[in-house]
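Just to be clear, the model below is a prediction. Sequence and coordinates:
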Amino acid sequence: MARKVKEEFSLQMTAGKANPGPPLGPMLGQYGINIGQFIKDFNDKTQEIMQEYGGADIRLAVDVKLYMDRSFDMEIGTPNTADIIKWKAWVKKGSGEPNKNKVGTISKDELAELVEVKKETVNTNDEESIISMMASTAESMGIEVTD
């Protein structure tokens, strides 16, 4: 018998670093979700991603389905594009004035290495288009893209 879905919502959460404090704890609490179980499940499922990126703060899209019996399922998406670009370029944060102040550089070859991470969530299979999209994101953060 299929469980009846009570609510569906999406979150942005940092891989392996969920905790019960605000804003996550109160938000989950309003839905009646077992906060401790949710955090344990999320951190366990994303531990490998966190280790892959050397403990960097990598945000992930998380789609949650809450059922009438207060159980839940979570679907964890791919890493945030800006976060993996910052990780690859060794930059902590983007520039406040990306047209004037550059905070780092990244090569097109390095962006090409990230294509596989994003390939499943973009609406094209053309690697050059994906690289171009990621290059635009990098430039809007003040990270210079080199050949």
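Here it is on my side, so go on.

Okay, now the sheet partners of the strand or helix carrying Thr105, with direction.
Here Thr105 sits within strand 104-107, counting by DSSP states H and E. Taking DSSP bridges as the criterion, strand 104-107 forms sheet pairs with strand 143-146 (parallel).

Show me which residues of the strand it pairs with are buried.
By 16 or more other Cβ atoms under 10 Å, the buried positions in strand 143-146 come out as 143, 145. Using the backbone N, CA and C atoms, a C-beta is placed for each residue, glycine as well.

In three-state terms, label the residue most central in space within the chain for me.
The centroid of the chain falls nearest to Leu60 when counting by Cα atoms, centre = their mean (2.4 Å). Under DSSP: H, G, I helix; E, B strand; the rest coil, Leu60 falls in the strand class.

was I right about it contacting Thr46?
Yes: with contact defined as Cβ atoms under 8 Å, Leu60 counts as touching Thr46 (6.5 Å).
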